[in-house]
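Peer 1: Fold the following and give me the result.
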Amino acid sequence: MVAKKRFNPSVRNAKTFQKKKLKVGRTLRHDNATDTRVSVKKIGILEQLREGDEGTPAKEVETRHPQKGIDELVAQLGHYNENICRDAIHGVRLLFKNSPDQLRRHLRRIIPAIGSVIIRELKSTATRNQLKLLIEMICEVPEEVISSHFVLFCGFVLTGISDVRSSVRSLCFDILLLLLRKYVQLCRKNREIFDAFLQLMEGQRKPENRTKLLDSLSQFVTVFGDESNGNNKLWPERTLDISFENGEATIRSPCPLSLLPSPAYFHFPVLCPSTDGTTSDGTSPLLTRDGLLNCCKVLCPLLEAVIRAEKDADGAKFSSTMGRAHNVVSRLVDVSLRVFALQFDGTDEFRGQVVAMFEQLRRCPLTGASKRLAKKLNLLTKN
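Peer 2: Sure thing, here's the model as predicted:
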């Protein structure tokens, strides 16, 4: 028989080189190694701070983003990750916050990159707020500087106001109202903005907020109903008709025309054909016969629907809505009377068409109860 070994507590029963079993994802703890993990929320990297941060508050310095170049920021504006895109938007704001001259130089690169972000669906509220702040900074650029980029910028905005996504549509509509407030002369000569706005108001994708809707209508009529041409140029724009009939050129101009008044001038006049997109003489589309008819055709039924929808509202809300509606109707009537004063063929027939469109507003019971609105509408029927 084999004798059993007696238990000796001083001798280990475990094997000398037994392999320790580990669970998946677990790592052995090295007691003799230095722990380099960081558990704080913010890290201030001194090498990436701006010059002159000695007098800046510590909180502002800690939350400042690392400085990046314009090339890297513009590239990250189109990134598919929204967090990276938001950081790039914030980086552009910080880069040009104290240097507006540099912003003017880089508009040709920033506006196309921002345009792609405008028509993109942004899920984060923080990203939308950062984008609005950046666009407000861009809209501080003078009108003569942004004029060469205005058509491209408006192209992105007008594409977004008819988008099927409500968030994109709301953001682009707010940007359009900002452009109408900041750049009146550029907007009032742009036929595309005029047509796109009326098309939006005629469809089902207009803003649901009635207060915002009435304020936008008032701003629209104010901008396009302004009769100031802004002729503060070296040479005012004039119309020149050139007819090639019977092999001879006939030039007709309402005033004497000299293409080079003085050879010492650096600026010189440019002959360009008139287009439907932008009026060369600065005339607003609303101050034309077809433009006013189209505007009244869209806005009069819309105003009537808004007024009827507020009939069950409380006193304060109803008074606010009626005040805004009266403001829009009053300005639209003033524009109509101004167009009536122009001498052209078929004035009486045109006047009858406009009065017929305003007649549905006059027949509305809530409109008739307002003496101010009734008095303003009666001006259209007076000769």
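Peer 1: tally of neighbours for Leu361?
Peer 2: Per other Cβ atoms under 10 Å, the neighbour tally for Leu361 reads 24. Glycine gets a C-beta too; all of them are placed from N, C-alpha and C.
Peer 1: For it, give me the pLDDT.
Peer 2: Here the pLDDT value assigned to Leu361 is 77.
Peer 1: Please enumerate the helices of the stretch 101-250 of the chain.
Peer 2: Counting by DSSP state H, counting those that start in this stretch, one finds helices in the stretch 101-250 of the chain at the ranges 107-118, 125-138, 143-160, 166-182, 184-188, 191-202, 210-224.
Peer 1: Restricting to C-alpha, output the last one in CSV.
Peer 2: So the one you mean is helix 210-224. Extracted C-alpha coordinates of helix 210-224, given in CSV (Å, rounded to 0.1, in the frame of the first residue of the first chain):
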residue,chain,number,x,y,z
ARG,A,210,-48.1,83.1,-37.0
THR,A,211,-46.1,85.9,-35.2
LYS,A,212,-43.0,84.9,-37.1
LEU,A,213,-44.9,84.6,-40.3
LEU,A,214,-46.4,88.1,-40.1
ASP,A,215,-43.1,89.7,-39.1
SER,A,216,-41.5,88.0,-42.1
LEU,A,217,-44.2,89.4,-44.4
SER,A,218,-43.7,92.9,-43.0
GLN,A,219,-40.0,92.7,-43.6
PHE,A,220,-40.5,91.4,-47.1
VAL,A,221,-42.8,94.2,-48.1
THR,A,222,-40.6,96.8,-46.5
VAL,A,223,-37.5,95.6,-48.3
PHE,A,224,-39.0,95.2,-51.8
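Peer 1: and the angle from it to helix 166-182?
Peer 2: Using axes from the mean of the first three to the mean of the last three Cα atoms, to 10 degrees, the inter-axis angle of helix 210-224 relative to helix 166-182 is 40 degrees.
Peer 1: list the helices and strands helix 210-224 packs on?
Peer 2: helix 166-182, helix 184-188, helix 191-202, helix 289-309, helix 315-340 (3 or more Cβ pairs under 8 Å, 6 or more residues apart in numbering; DSSP states H and E).
Peer 1: Now render those as CSV, adding mean neighbour count, mean pLDDT and distance to Arg362.
Peer 2: Converted to CSV, these look like this (neighbours: other Cβ atoms under 10 Å; pLDDT from 0 to 100; distance: least, Cβ to Cβ, whole Å):
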stretch, mean neighbour count, mean pLDDT, distance to Arg362
helix 166-182, 19, 92, 28
helix 184-188, 21, 89, 29
helix 191-202, 19, 92, 21
helix 289-309, 18, 86, 10
helix 315-340, 17, 82, 10
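Peer 1: could you dump these to CSV with distance to Arg109?
Peer 2: Below are the helices and strands packed on helix 210-224 laid out as CSV (distance: least, Cβ to Cβ, whole Å):
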stretch, distance to Arg109
helix 166-182, 19
helix 184-188, 21
helix 191-202, 23
helix 289-309, 35
helix 315-340, 39
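Peer 1: And those: which comes nearest Val151?
Peer 2: helix 191-202 (8.2 Å; Cβ to Cβ).
Peer 1: what angle sits between that closest one and helix 143-160?
Peer 2: 40 degrees.
Peer 1: quick one: contacts of stretch 153-162?
Peer 2: Stretch 153-162 has contacts (Cβ atoms under 8 Å, 6 or more residues apart in numbering) with 111, 114-116, 118-119, 146, 168-169, 171-173, 175-176, 179, 190, 192-193, 196, 199-200, 203, 205.
Peer 1: Tell me which of the helices and strands packed on helix 210-224 sits nearest to Asp215.
Peer 2: Nearest to Asp215 among those is helix 315-340; the distance by Cβ to Cβ comes to 6.6 Å.
Peer 1: Quick one: list the elements packing against that closest one.
Peer 2: In terms of contacts (3+ Cβ pairs under 8 Å, 6+ apart), helix 315-340 is packed against helix 210-224, helix 289-309, helix 347-363, helix 371-377.
Peer 1: want to throw those into a markdown table with distance to Leu103?
Peer 2: Output for the helices and strands packed on helix 315-340, formatted as a markdown table (distance: least, Cβ to Cβ, whole Å):
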| stretch | distance to Leu103 |
| --- | --- |
| helix 210-224 | 25 |
| helix 289-309 | 35 |
| helix 347-363 | 44 |
| helix 371-377 | 44 |
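Peer 1: Export the helices of the stretch 101-250 of the chain to CSV and append columns for distance to Arg324.
Peer 2: Output for the helices of the stretch 101-250 of the chain, formatted as CSV (distance: least, Cβ to Cβ, whole Å):
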stretch, distance to Arg324
helix 107-118, 27
helix 125-138, 23
helix 143-160, 24
helix 166-182, 14
helix 184-188, 20
helix 191-202, 15
helix 210-224, 4
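Peer 1: so where's the stretch 51-200 of the chain shaky on pLDDT?
Peer 2: 51-67 (pLDDT under 70).
Peer 1: Go again with 80.
Peer 2: For the stretch 51-200 of the chain, the stretches with pLDDT under 80 are 51-68, 98.
Peer 1: Show me the protein divided up by domain.
Peer 2: If you go by automatic domain parsing, the domain ranges for the chain are 54-188, 207-225+281-383.
Peer 1: Kindly reformat the ones you listed as JSON lines containing distance to Val40.
Peer 2: Below are these laid out as JSON lines (distance: least, Cβ to Cβ, whole Å):
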{"stretch": "domain 54-188", "distance to Val40": "11"}
{"stretch": "domain 207-225+281-383", "distance to Val40": "43"}
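Peer 1: Which one of these lies nearest to Ala33?
Peer 2: Of these, nearest to Ala33 by Cβ to Cβ is domain 54-188, at 29.8 Å.
Peer 1: just so I know, which of the helices of the stretch 101-250 of the chain lies nearest Val333?
Peer 2: Val333 lies closest, by Cβ to Cβ, to one member of these: helix 210-224, at 9.9 Å.
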